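>>> Okay, predicted coordinates and the sequence, questions at the end:
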Amino acid sequence: MSDPKWTVGKSTPLTRPRGTRDLLPSEMRQRRFVESRFRDIAELWGYCEVATPAFEPLELFTLKSGEAIVDELYSFTDKGGRSLALRPELTAPVARLYVNELQATPKPIKLYYFGDCFRYERPQSGRYRQFWQFGIELIGSSLPEADAEVIALAQRMLASVGLDANIHVGSLDVLRAIFCDVDYETSALAMRLIDKGDFDRLAELPGGGRAIDLIKAKDPLNEAQNIVALDHLLCVLELLDTLSVSYTVDFSIARGLEYYTGIVFEAYSCALGAQNQVLGGGSYRLAHLFGGEDVPSTGFGIGFDRVLDAVNLQVPEVPRLLVVPTNDARIYALHVANELRSRLKTDIDVMGRTVRAQLAYANSAGFDYAVIIGKNEMQTSKLTLRNLRSGEQELLDVKQIINRVLNNV
RNA sequence: GCCGAGGUGGGGUAGCCUGGUAAUCCUAUGGCCCUGUGGAGGCCACGACGCGGGUUCGAAUCUCGCCCUCGGCCCCA
């Protein structure tokens, strides 16, 4: 036993990696609540859940986003010499899944996902190196109906957890029309400046003034119509009106990405700091990059962690029971606990505590009821149900306890 | 990668400027007082100076480097 690994005593505590979090019970309760809301809505709208691997070929992400993103990826070479990366987002993996598995499935294909992603960036408020995204992709339609459905779904999901964020809707067609005669580097820079709202620098670029006029216009739609036909966008907006989705037309959404094809949208929360975007999406084409038939898609990703930072939730709690036996009733109490567990959240002492200490524990741990079992209860086959809030107690059998606790009858 | 503020038991803190007692207090946790009735109280236990170097007789305190956290910049697929 001289191996230091086996010595008992303190050593330097291991800590979690930078930018990661331990999620404690109270947080997990909130997260599961939000997740189930999102999941329920996606299912109600006819979307099906998919899951993809936590790591993918590095190329999947460089094809989509360019070599520069390697700096911000957790990438590695496996023992077979393959270049892999932990996924930094889920749109590309889902597009890859579509190409590999679902190309022959009837369109439209409606998918949703919830998973953790990894980016090697400097952590700050609302930005972690492991974070969660909830998203949906609608594959197979380029019609306004598809864009409107996805935006409406985004709005419903956020609203379902009390985030009535106004969705900003824009179109890349307009910006691209403005910069169509400008060289690639300059237009890419312009897109970035638009995204940042850096109008001073934007004004110095060719086309910049026009873009600023558009973004700042009182009636941006009218302004945009002088630049390019807006049939598609106008149709999407009309459908959103029909679906009772409130939105703001905002041509400053650039989302910098080349694969977006037209409609783009984002949502923000004023409850957050610098990282205030909770949702982003748009219509795009990726499948052909990954070796599939070209297919139009629309989708969005929700920054799950940011949603949780932005909302203040009261998660409904179910009543908790503690079965409290005297020493000679412990075996009998185990049977009782098992029966109660058919319907109720039930704990039983594993610390060898006295009745008094068990009740003290029940109190400090926030239990709602104690089911006290001793000689008397074993003889009468009734149990003492004690309401720990009111202090009232009564003799009931298991069925009656379940009814009392669930329905208060 | 850059700027700023921080880091003392599980949580919250005093001490730091002005180096010197066994590092303060609250809380949480486990036990006992009390093996059939909780919330109070008393007693006991547990447990910390982020890491490493330097200065010094002596460092939580001064100093340097690093790590980490928070706010922001950059970036944001």
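Sure, I can see it.
>>> ranges for the strands of the stretch 101-250 of chain A?
A:109-118, A:130-139, A:167-171, A:247-249 (DSSP state E, counting those that start in this stretch).
>>> Excluding chain neighbours, what is closest to A:Ser252?
A:Ile215 (4.6 Å; CB to CB, 6 or more residues apart in numbering). (C-beta placed from N, C-alpha, C; glycine too.)
>>> Could I get the contacting residues of the one you found?
A:194, A:199, A:250-252 (CB atoms under 8 Å, 6 or more residues apart in numbering).
>>> Recalculate using a threshold of 10 Å.
Contact partners of A:Ile215, counting by CB atoms under 10 Å, 6 or more residues apart in numbering, are A:170, A:174-175, A:194, A:197, A:199, A:202, A:223-224, A:250-253.
>>> got it, and A:Arg127?
Here A:Arg127 is in contact with A:19, A:119, A:121, A:273-275, A:303, A:305-306 (CB under 10 Å, 6+ apart).
>>> any idea how far it is from RNA strand B?
Noted for A:Arg127: a distance of 7 Å to RNA strand B, by CB to the nearest atom of the strand, to the nearest Å.
>>> Report pLDDT for that residue.
For A:Arg127, the pLDDT comes out at 89.
>>> Is it bridged to anything, and to what?
When bridges are called by DSSP bridges, A:Arg127 pairs up with A:Gln124.
>>> Now do it against A:Pro144, distance only.
Computed as CB to CB, to the nearest Å, the A:Arg127 to A:Pro144 distance reads 34 Å.
>>> same check, this time on A:Ala51
Computed as CB to CB, the A:Ala51 to A:Pro144 distance reads 30 Å.
>>> Which one of these two is surrounded by more residues?
Per other CB atoms under 10 Å, whichever of A:Ala51 and A:Pro144 has more neighbours is A:Pro144, with 21 against 12.
>>> who's in contact with that one?
A:231-240, A:262-263, A:283.
>>> Let's see that with 6 Å instead.
By CB atoms under 6 Å, 6 or more residues apart in numbering, the residues touching A:Pro144 are A:232, A:235-236.
>>> returning to that earlier point: by pLDDT, rank the contacts of A:Ile215 and give me the bottom one.
Among these, A:Gly197 has the weakest pLDDT, 81.
>>> Once you drop chain neighbours, what's closest to that residue?
Counting by CB to CB, 6+ apart, the residue nearest A:Gly197 is A:Ser252, at 6.5 Å.
>>> tally of neighbours for that neighbour?
For A:Ser252, using other CB under 10 Å, the count is 19.
>>> That one belongs to a strand, doesn't it?
No - counting by DSSP: H, G, I helix; E, B strand; the rest coil, A:Ser252 is not found in a strand; it is coil.
>>> which bits of the stretch 1-150 of chain A sit near RNA strand B?
For the stretch 1-150 of chain A, the contact set with RNA strand B under CB under 7 Å from any atom of the strand comprises A:10, A:12, A:15, A:18-19, A:61, A:64-65, A:69, A:72-73, A:88-89, A:91-92, A:119, A:121-127.
>>> and with 6 Å instead?
Counting by CB under 6 Å from any atom of the strand, the stretch 1-150 of chain A comes close to RNA strand B at A:18-19, A:61, A:65, A:69, A:72-73, A:88-89, A:91, A:119, A:121-125.
>>> quick one: contacts for whatever residue of the stretch 301-409 of chain A ends up closest to RNA strand B?
Per CB to the nearest atom of the strand, A:Gly374 is where the stretch 301-409 of chain A lies closest to RNA strand B, at 1.9 Å. A:Gly374 makes contacts with A:326, A:329, as judged by CB under 6 Å, 6+ apart.
>>> Retrieve the pLDDT associated with it.
Looking at A:Gly374, its pLDDT reads 96.
>>> before we move on, what about A:Thr7?
At A:Thr7, pLDDT is 38.
>>> okay, the contacts of A:Ile215 in a markdown table with distance to A:Val318 next?
What follows is the contacts of A:Ile215, written out as a markdown table (distance: CB to CB, whole Å):
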| residue | distance to A:Val318 |
| --- | --- |
| A:Gly170 | 44 |
| A:Val174 | 51 |
| A:Leu175 | 51 |
| A:Ile194 | 49 |
| A:Gly197 | 46 |
| A:Phe199 | 53 |
| A:Leu202 | 54 |
| A:Glu223 | 54 |
| A:Ala224 | 52 |
| A:Asp250 | 42 |
| A:Phe251 | 48 |
| A:Ser252 | 46 |
| A:Ile253 | 42 |
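>>> What separates the first and last residues of stretch A:342-352, distance-wise?
With CA to CA, to the nearest Å as the measure, stretch A:342-352 spans 24 Å from end to end.
>>> Tell me the buried residues in that stretch?
For stretch A:342-352, burial by neighbour count (16 or more other CB atoms under 10 Å) applies to A:344, A:346-349.
>>> and the closest residue to A:His288 other than its chain neighbours, helix, strand or coil?
Closest residue in space to A:His288, ignoring its immediate chain neighbours: A:Asp294 at 4.1 Å, by CB to CB, 6+ apart. Following three-state DSSP, the label given to A:Asp294 is coil.
>>> beta partners of the residue lying closest to A:Leu233 once chain neighbours are set aside?
Taking CB to CB, 6+ apart, and ignoring the residues beside it in sequence, A:Leu233 has A:Ser171 as its nearest neighbour in space, at 4.7 Å. For A:Ser171, the beta-bridge partners are A:Ile263 (DSSP bridges).
>>> just the contacts of A:Ile215 that are near RNA strand B?
Of those, not one also sits near RNA strand B (CB under 6 Å from any atom of the strand).
>>> Just the buried subset of those, please.
A:170, A:174-175, A:194, A:199, A:202, A:223-224, A:250-253.
>>> between those, which is closest to RNA strand B?
A:Ile253 (10.0 Å).
>>> what's the closest one in contact with, if anything?
A:Ile253 neighbours (CB under 6 Å, 6+ apart): A:168, A:170, A:264, A:266.
>>> What separation is there between it and A:Asp213?
To A:Asp213, A:Ile253 is 17 Å away according to CB to CB.
>>> Great, nothing more from me.
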